[in-house]
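# sequence-free structure coming up:
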């Protein structure tokens with residue numbers, strides 16, 4: 001055979017093989033992608049050119065490794081995730097890049113308790129990314145509307161970059177959540193959870209919380225979220241409420257709450273609370289082994305709280321560090337039970353925080369509030385600036401054992417003699433008098449901090 005002919009045939013064969021492989025690669029890619037469009041049809045194959053109409057149809061078809069792309073439009077449906085992904089092949093439900101995909105609950109009924117507009121029950125390796133989820137409401141007491149609901153057991157759940165708003169209960173004894181993770185099985189937990197980059201706002205929550213992890217939940221990260229303008233707690237990590245069927249697993253644990261911005265959270269006017277300033281921006285109620293760091297928490301009722309609402313139960317090993325906490329209506333940071341019938345906060349650390357002019361509604365919360373049953377906690381290396389209430393440390397209970405407070409910086413612009421302190425129910429005026437009475441803060445000082453821009457609440461400390 002002529003060499004030129006042979007060479008041409010080899011090249012042609014290589015091209016043919018390449019085209020076949022390219023076609024196979026394209027086919028493999030298309031099998032891993034499903035598309036949903038408001039102009040689609042559920043009888044379609046789900047390709048980009050022939051999209052499905054409903055998100056539910058797509059997630060029912062999705063298998064490990066499938067990405068469901070939701071094109072721009074409004075989807076008036078409740079979505080239940082039917083299948084699990086795998087560790088290296090998750091199922092992803094994602095808004096198509098640069099398009100606004102909205103799940104709108106307008107007119108939809110909450111037909112079972114804790115039903116989300118998106119529900120993930122006993123599933124693993126699922127990601128919900130970039131959706132707008134809104135307008136899910138009820139007038140009934142017995143059902144709980146939720147934007148995204150995760151329950152049962154499972155692992156590898158990622159809730160990323162969603163905008164969740166106007167999730168509402170309108171019953172005086174009702175409950176609602178923006179995002180809820182309920183670990184309702186044991187010993188299998190919901191674990192390896194990431195909730196990051198979401199915006200949660202404008203909700204009516206009744207007696208419940210905007211973003212909550214409750215029960216048998218372990219190894220979680222709640223990071224870089226914006227939580228604002230809701231009528232109850234912003235971020236809540238909970239234990240001891242009977243969510244897990246086995247008591248020793250009924251405690252959210254081993255988590256990180258970091259780089260969130262939480263503001264304008266207040267229960268004032270919420271029918272469940274009346275005229276009480278009771279809502280925390282970030283709250284740990286019965287959790288353990290949790291780090292709360294680098295958050296900006298302001299204009300809430302309480303800034304950050306680590307407490308236990310259940311008698312004999314302990315919130316423990318909570319580290320609250322490097323947070324900026326300012327202009328909250330009651331305490332900047334609170335620990336312990338809110339009355340003597342509650343549980344305790346133990347073996348926790350509050351360090352390197354800036355607490356600035358909290359207690360704006362004169363609630364006697366001060367910058368740091370030690371409530372009932374606090375034990376073996378360390379409060380050190382914080383900067384605390386009192387506002388118009390003049391109150392720095394508030395300890396209106398006698399159940400205070402083994403706590404250490406030291407190496408802090410305190411300031412009030414009217415001078416140290418005008419500072420207020422409450423120690424084991426006794427009101428004290430003046431920094432020196434407080435140190436003598438409490439036997440705390442031996443190495444602490446009274447000094448004006450140098451902030452980068454105090455008027456604009458840039459409370460970073462200026463370098464020397």
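Structure received. Model, not experiment: these values are computed from the prediction.
# What about residue 60? Give its phi and psi, please.
phi -70, psi -40 (degrees, to the nearest 10).
# right, and it touches residue 79 too?
No - Residue 60 is beyond contact range of residue 79, at 9.7 Å (criterion: CB atoms under 8 Å). All C-beta atoms are positioned from the backbone trio N, CA, C, and that covers glycine.
# Looking at the two, which one has more neighbours?
residue 79 (26 against 15; other CB atoms under 10 Å).
# which ones are touching the more buried one?
Residue 79 is in contact with 55, 56, 59, 93, 103, 117, 118, 119, counting by CB atoms under 8 Å, 6 or more residues apart in numbering.
# Just to check, the first one is in contact with residue 70?
Yes - taking CB under 8 Å as the definition, residue 55 is a contact partner of residue 70 at 6.0 Å.
# Where does the prediction get shaky in this protein?
For the chain, the stretches with pLDDT under 70 are 1-31, 464.
# Go again with 90.
1-31, 111-115, 338-341, 398-401, 463-464 (pLDDT under 90).
# Now do the helices in it.
Along the chain, the segments classed as helices by DSSP state H run 3-31, 55-61, 431-438.
# Next one: the residue lying closest to residue 227 once chain neighbours are set aside from residue 249, what distance?
Nearest residue to residue 227, sequence neighbours excluded (CB to CB, 6 or more residues apart in numbering): residue 234, at 4.2 Å. From residue 234 across to residue 249, the span is 25 Å (CB to CB, to the nearest Å).
# Between these two, tell me which one has more neighbours.
residue 234 (31 against 20).
# Give the phi and psi angles for the more buried one, as a check.
According to degrees, to the nearest 10, residue 234 has phi -80, psi -70.
# for it, what are its contacts?
209-211, 227-228, 262, 265, 279-283, 300.
# Determine which two of these are furthest apart.
228 and 283 (15.5 Å; CB to CB).
# Give me the more crowded residue out of the two.
residue 283 (26 against 21).
# any idea how far the residue lying closest to residue 462 once chain neighbours are set aside is from residue 364?
Nearest non-adjacent residue to residue 462, counting by CB to CB, 6+ apart: residue 450, 4.4 Å away. Separation of residue 450 from residue 364 (CB to CB): 29 Å.
# the more surrounded of the two?
The neighbour comparison of residue 450 against residue 364 (other CB under 10 Å) goes to residue 364, with 16 against 11.
# and the gap between that one and residue 277?
When distance is defined by CB to CB, residue 364 is 11 Å away from residue 277.
# residues in contact with the spatially closest residue to residue 105 that is not a sequence neighbour?
Leaving aside its chain neighbours, residue 105 sits nearest to residue 136 (3.3 Å; criterion: CB to CB, 6+ apart). Residue 136 makes contacts with 105, 108, 110, 116, 117, 145, 146, 147, 166, 167, 168, 176, as judged by CB under 8 Å, 6+ apart.
# who's residue 136 bridged to?
residue 167 (DSSP bridges).
# what bridges to the most centrally placed residue in the chain?
Centroid-nearest residue in the chain: residue 235, 4.1 Å away (criterion: CA atoms, centre = their mean). Beta-bridge partners of residue 235, counted by DSSP bridges, are residue 211, residue 282.
# do you know how far it is from residue 455?
Look at residue 235 and residue 455: by CB to CB, they are 28 Å apart.
# One more: residue 194?
36 Å.
# Look at the two and report which has more neighbours.
Just comparing residue 194 and residue 455: by other CB under 10 Å the higher neighbour count belongs to residue 194, 17 against 6.
# Contact partners for the more buried one?
157, 158, 159, 160, 220, 221, 223.
# one step back: check the spacing between the residue nearest to residue 227 and residue 137 real quick.
20 Å.
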